[in-house]
Each structure stands twice: as C-alpha cells, then as structure tokens.
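**Student:** give the three-dimensional model of this entry:
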Amino acid sequence: MPSFPYGSKYLLLLCLVGNLTACDRSDQQTTQYIEEGKRLYKSGDYKKAQLAFDNAAAVDPKNTRNRYDLAEQLSKFGDIQDAAKYYQAVINQDAGHLMARVKLGQIYLLAAKLDGAEKMAAEALTIDAENTEAQVLMGGVLAAQNNSDAAFVKAETVLQKKPDDVGATLLLASLTAKTGKLDKARTLLLNAIEKHRDNVAMRLMLANLYIQDHDLEKAEAMLEAIVKIEPKAVDHRKRWAVFLINNKQLDKAETVLRAAVTELPDDEQAKLMLVEFLASQRTPEVAIAELIPMAEQNTDNYELRFKLAQLQWAQKQTDKAEETLKELAELDKQGWVSIKARNQLAQLYSATGRVDQAKALVKGLLASNPGDLAALALRGEMALAENRVAEAIADFRAVLAEQPHNIPILKLLSAAHLVNKDKVLARENIEKVVAQAPDDEAARLDLVELLLQSGDKEQATQQLNALFRLKPNSKKGLEALFKIYSAQKQWDQALQIATQFEHAYAEDATGYYLSGLAYQASGKLEQSTARFEQAMRKQAQAVEPLVQLVKNYLTAKQPDKALNKLNEVLKDQPRNFVAYNLLGDVYSRSNKYAEAISAYRQAMDIKPGWTIPYRNIASINIMQKHKNEAVEVLTKGIKKVDEPMELVADLAALYHQDGEHQKVIALYEESYNKTPASLTVLNNLARYLAEYGNGVEALSRAAKLAEPLAETNNPYMLDTLAWIAYKQGNYEKAQQILVKAIELNQDIALSHYHLGMVYFKQGDKNAAKESLQKALNKKEDFNGLAEAKETLKGLEKGTQ
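**Tutor:** A predicted model of the protein is given here:
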C-alpha cells in the first residue's frame, strides 16, 4: 500500500509529569515490540510480526500515541488491513484524534469505500474545520463521487491559504487532468516541483500525465529522477522497469533491474524483481540460472529459495522443486521458513497425486499449529476434491475467520457450497469476491450463473452491465447475456448480442454460432444454416456449429444434405469422432441401423474414452431386442471410459428391467470399489442394497455406506438416507431427513411418496394422504408408484 507523502504526523503526547517514568517504561517496551515486529515482517515471518505488533498495542491499551505509531508502521509495510484496525482503535479511544481519521479516510478512499472516507473526512473537519489535510481528503472524496466542481473548490480553498500545499496541489492537478486540460495540469505540477524538488508524489503524477500524452521520453526522465531522489526505494525502480517493459524496451528494463540488484545488495525484493523479469520476459531457464547462484550467495535469504522452488515447479521440474523445499523445511523445524516450506511441499504432493503424503504433512503442521491457515486451506481443498464437503467448508470457514477478505478461499467456499447444493451460501460468498474485486471477470460470471440458476434474471443482467462497464466486449459476458435473452425467448435481443459479438470478434466462430442459434429458435432455418456454415468457415473443427447444422438439415427433412456435409468434414478431418457420431445419428434417424452402428464404432475407435457412441449402439441393440449385444457394448464402455457413470446407469437399468437385482448390486459394488470417494456412486449402491439386498445384513451395510450422505444438501441423496431409516423402522429419523429433502426440492415425487409412507407408519393418516397425493400429482413413474396408489386408495376408503 503506498504511503501518503503529503500526510504529516500528528502525535498527541499524553504523558503527564507525575507519570513520566511509567510512560517512558511503557514507551520503551512498546518500541521494542514494534522494532521486533519490523524485523520479523522484513524477514517474511508475518504471523509472528503481527503478534509482536499486537503485543506492542497491548503494553498500554489506552496509549493512543503508541497505537497511532503502530498504524503508521503497518501502513508503511503495506499491511493496510491491520493499519486500518489500529487507526480505528485510536478513533474509538480518542474522539479528538484528527490524523487517525484522516489516515483511515485515505485508506477508505484508496479502497473505493467512499461512504467510510466521507465519514472520516467529515469527522476530521468537525474537529478542525481549517485542517488542510482533512479538506484535501474531503476533496478527494468529492472527486471520486464525480462531484468535480465541489472538489475544485476544496483544492482551491486550501491553496489560497497554503499556496504550496502538496496534497491540494495534487488534487487540483488530478481534477484539471480529468477535465482534459493536460497541459494546464502539467504546468501546475512543474511549477510545484520547482518548490518541492524532492516530492515524489508530484513527479509520479507528472510521469503519468506524460504517459497519457504519449510523451514517453519525458515520462521516463521523470521516473529516472524519482529513483535518484529515493535510490533505496525499490518500488521506484520497479515502476521504471515496468514502464520500459510496456514500451518494448526489454534490454533497458533489464539494465534498470540489474542496477537495483547491484546498488541495493541487501534488498531481496530487488533480486526477486530481476528473477521475475527474466522468467516472464526471457525464459524460465535463464531465470533459474540467475537465481541459483543468488540463493547460494545469500544463504539466509529464504525468499530466493522459495522463488527457485516456484520456478522449478512451473517448469515441471518437480523433483528439483521438492528437493529445494525439503532443504528449506530442514532449516528450522518450527520456524516460519520450515512451516512455509512444508505447506508448499504438501501442495506439491497434492498437485502431483501424492495425496497421502500431502495429508501426512498437513496433519503434522496442524498438530503443531492448529491455526496454520495455509495447511487448513490445503486440507479443505483436498477434502473438497474427495467430496468431503462438510469438512472442506469447516476448513475454509476457519481460514476466513482470520482472513475474511481472502479471495481464493472465498471462491473455494462458494464452490463447496455449490457442490453441497446450497446455492444461497454459494452466492453470498461469490458476492463478497465481486465486492472486493469488481474487475474479477470470472467471479462476476460465476455470480451471474448463480443468479440465473435462482431465476433472478434481472440481477444477473445488472451484474453483466457492471461487467460491460469495465470490459464492454467481454466474450463470456456477451455469451451470458445471450443466454439470458434466450431463456426469456427474446430472440431479437439475443440476435443483437450475437451480432455485437460478430463485430467485436470477427475472426471468432462464436458470434456466428450464437446468431445461428437465435435464428434457429425463431424458426428461420435458412438464415440459421447460413450462420452455422459461416461459423465453420471461421473454425473448421468447431463442434457446436456442426451439431446444429446437422440438426437444421434433419429438421428440414434433408438427411442427404446432412450426410453430404458430414462426409465433406470427414474427408478433411478423418479423425473427427463427433462427425462420425453425427453420421450415426443421421443413419439411425433413417432406420439404417447397420450403417449407424458402423459410424458409431468409428467414433468409438477414435475416441474410446467417450461415453456417447457406446450408449448409442446399446440403444439400437435394445430397440432391436438384442440385449446381450447391448450388455456387451456397455460393459466394454465401462472398462474404457474414465467416468462411466452414465454407462453404469444404463447397464443397471437393463439388468433391473429383467429383475436381475444381484447383477445390479454387483455392478454398483464394482463401481464403488473403483471410486469410493464418489457420493453419487455410493448413493446408488446404498439405495439399491436397501431396496433389493438380501436380508438385514444388506440393509445394515446400506445404512453404514449411506452415513456420509447426511452431510450433503442433495435432496436425492438425503432421500436415500431417509428411505434406509424407514426400512430399519426409524420413522422419526426418516421423517426429519425427508422434510429437509423436500425443502430443498419440492418437485421430487419419490420423496413425497416416501414421506407419505413414513406418516402412514406413524399413524398420521391425513399427513400420509397429503404427501401421497402430492407424489401422484407429479404424474411421474417412480419405484413404488403402485404402493403409493394402493396405500392412498386404502386411506381414502378407510381400510388402511
């Protein structure tokens, strides 16, 4: 976080003569803690640094001067969140502390929290209406609120009293530039710099104005001058190098960064800047070659070694990265370096499939420090990957309790809630991300998707409009808006968005494809077909336009055109498995089953891990009453496909249809043994065992298997858990779970039937009739339909 160069320190001394000795003692102790915190912060041990700063604040909690000094120190380090906390603590204790309000207001202003900034400015001006820093802060707030006229008045009022005031000059120059008067703004700053030759903030603003005006020579001269004024400030050198990189002067940028390393030999940030430049602008190999001797010459500079491990990992040199991290981990078993190294080592193990090793490391880290946030986060990620959603949520929440603004963890928590079918909490967390990072396009689009899923198209559109203000032609944003208009069947508006996409991205097939969809939905097949053809000309291997093109031909009863198009594609792309599958669809629609199966087999041979052709061949076999052939092809697919859940379901349905329940159980057992972490697979096995297993032993095993389902918010899985409880005679438990399942989704007929049967067993006939009737009203065929009808009939007749 940048400091505010025009802000002066305003310290209120409260030590009375009678308390001077005690005050000096507490001041000395506070200073010791602050110095210790500074040392730890610079070494990278942020957690212990924070503890030292907290200890400094605790020495004399009523000493606002010490707390203010602590806030100033944290602000210089860039730890704005904690700086704001201590500024606020000073404000809470001292109603008249003006500068704490000014500094907190500046933080709010930089964070675009205008209400907070305005409140602080107003309170500061109430304390001292003539204070120029408070007036400048209010001017900054007014400028951010687009009230430029009022902001001008504030700046000019201060300058009338103090013509050389730096803050007011910067504000006036900024406002002048905002109105497009760049020459006047530059002149204002040049005149001010003559009086404040060492003021960095003015020179920075002037450099930015030169950049806006494309006067790159003067901009660079100003950036170079800033480095000469504050040669030890590494950020100035970085800013100069970034300017050169942006203007394609890579050799000169490297010279600037190498000079920083030479002239600031003890500054690790200078070395890291050079390494990062080499990795991004030269090659990672060059960066690693530069970094290895650096790390060897600076043995106590641990960040260099962590950077080396990062580059090695990025280059897929996992063995070397692991070796580097292990060396770091051995340096100090319980120190911050070892803890950080072991956390990164655990991440490496997890990313390379060595999950057990990762878990062991994380377990050890948390055993010695239960509050290790990095370890908690990784444990949560591993739990989420294994569908242990409740555990993942607990870990992510623990991290956020300490770091409420941690965007990656907020995203992970949102994803976990989404897996758990809790869309409200998923939405709440992704909303927090968007509020903190409004330019995070992916997060905003995730929020749009959640809003659409909840049916809130108006808010989804508002979010997209906010995105378009930041990025007018966002590809994914345009696609999402097209999706909204399509869902509302507003085809004219959808077509407008598709056309905008075409114009913005003329070489991209997507816009033409979207136009084709809009025309197709409007019944304008000729225009739709033309757009799909155009999309394929832009991207010959695009799948979606080809699928829709074939669909158009079949809708128009032109199978020959579909065949011609597919053969044309296959001539140029003989391994296009999607085209072969579509060819099979066309033949199947024409009742040419032998040709269809031949085409599907071609797709299967090219892409043996693709589910669809197996299902298509099995479908034809079943239709022709060739059950053995269907079983054979589905069994083959289950062995070939990585995620064969659909094929397992198809084969299970085939066995079930013929009453071969033990074969279904064996099939589900095999599937469960392969993927024990899959709750869907577990649910299928537990449900079928409960329904068709042999005796009490099978039911008990089903109940044991189903225990993890209690942690989900999936209504289908909760229904399984409840039905097993029902089968075991635990009607109260079954009722509680089914009520929850129905709250999550009221449209599942099976759950209403199950709840009706629970009420029936409990003797609540009215509730039983109501639930059973709801099940039948869904007009769905479900397992138990006959029993539902018979039970309801008996209840109505009074025979039950």
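
**Student:** switch to C-alpha atoms for all contacts and neighbour counts from now on
**Tutor:** OK.

**Student:** quick one: Pro676 and Leu685 touch, right?
**Tutor:** No: taking CA atoms under 8 Å as the definition, Pro676 is not a contact partner of Leu685, at 10.8 Å.

**Student:** which residue of the two possesses the greater neighbour count?
**Tutor:** Leu685 (25 against 14; other CA atoms under 10 Å).

**Student:** state the mean pLDDT of the helix or strand Ala367 falls within.
**Tutor:** Remark: Ala367 resides in helix 355-368, with elements defined by DSSP states H and E. Averaged over helix 355-368, pLDDT sits at 95.

**Student:** tally of neighbours for the nearest residue to Ala124 once chain neighbours are set aside?
**Tutor:** In space, and not counting its chain neighbours, Ala124 is closest to Leu98: 5.1 Å by CA to CA, 6 or more residues apart in numbering. Under the neighbour criterion other CA under 10 Å, Leu98 is assigned a count of 25.

**Student:** how much space between Leu98 and Tyr86?
**Tutor:** Using CA to CA, to the nearest Å, we find Leu98 at a distance of 14 Å from Tyr86.

**Student:** give me the neighbour count for the residue nearest to Asp372 when sequence neighbours are not counted.
**Tutor:** The shortest distance from Asp372 to any non-neighbouring residue, by CA to CA, 6+ apart, is to Leu366 (6.2 Å). The local packing count at Leu366 equals 16, with neighbours defined by other CA under 10 Å.

**Student:** cool, Leu721 as well?
**Tutor:** Per other CA under 10 Å, the neighbour tally for Leu721 reads 28.

**Student:** again, but for Leu308
**Tutor:** The local packing of Leu308 (other CA under 10 Å) involves 26 other residues.

**Student:** check which element follows the helix or strand hosting it along the chain.
**Tutor:** When elements are assigned from DSSP H and E, Leu308 belongs to helix 302-314. Proceeding C-terminally, helix 302-314 gives way to helix 318-329 as the next helix or strand, assigned by DSSP H and E.

**Student:** what comes up buried for that following helix?
**Tutor:** Within helix 318-329, the residues that qualify as buried are 318, 321-322, 324-326, 328-329, counting by 16 or more other CA atoms under 10 Å.

**Student:** ok, now stretch 584-597?
**Tutor:** Within stretch 584-597, the residues that qualify as buried are 584-588, 593, 595-597, counting by 16+ other CA under 10 Å.

**Student:** check stretch 614-631 too.
**Tutor:** 614-622, 627, 630-631.

**Student:** restricting to C-alpha, output stretch 186-201 in CSV.
**Tutor:** Included here for stretch 186-201 are C-alpha records, laid out as CSV according to Å, rounded to 0.1, in the frame of the first residue of the first chain:
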residue,chain,number,x,y,z
ARG,A,186,1.4,19.5,-16.3
THR,A,187,2.2,23.2,-15.9
LEU,A,188,0.7,23.2,-12.4
LEU,A,189,2.9,20.2,-11.4
LEU,A,190,6.0,21.6,-13.0
ASN,A,191,5.7,24.9,-11.1
ALA,A,192,5.0,23.0,-7.8
ILE,A,193,8.0,20.7,-8.4
GLU,A,194,10.2,23.8,-8.6
LYS,A,195,9.3,24.5,-5.0
HIS,A,196,9.2,20.8,-3.9
ARG,A,197,12.0,19.3,-5.9
ASP,A,198,12.2,16.1,-3.9
ASN,A,199,8.5,15.4,-3.8
VAL,A,200,8.0,12.0,-5.3
ALA,A,201,4.2,12.1,-5.5
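
**Student:** what's stretch 607-627 in contact with?
**Tutor:** Counting by CA atoms under 8 Å, 6 or more residues apart in numbering, stretch 607-627 makes contact with 577, 581, 593, 597, 600-601, 603-604, 629-631, 633-634, 637, 640-642, 644, 646-647, 650, all of which sit outside it.

**Student:** for ChimeraX, write the select line for the buried members of those.
**Tutor:** The buried subset of those, as determined by 16+ other CA under 10 Å, is captured in ChimeraX by this line:
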select :577,581,593,597,600,601,603,604,630,631,633,634,637,640,641,644,647,650
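
**Student:** centre of the chain to the helix or strand harbouring Ala192, how far?
**Tutor:** Assigning secondary structure by DSSP H and E places Ala192 in helix 182-195. Here the centre of helix 182-195 is set off from its chain's centre by 43 Å, with CA atoms, centre = their mean, to the nearest Å.

**Student:** for stretch 336-352, same thing?
**Tutor:** Between the mean C-alpha point of stretch 336-352 and the mean C-alpha point of its chain there is a distance of 21 Å (CA atoms, centre = their mean).
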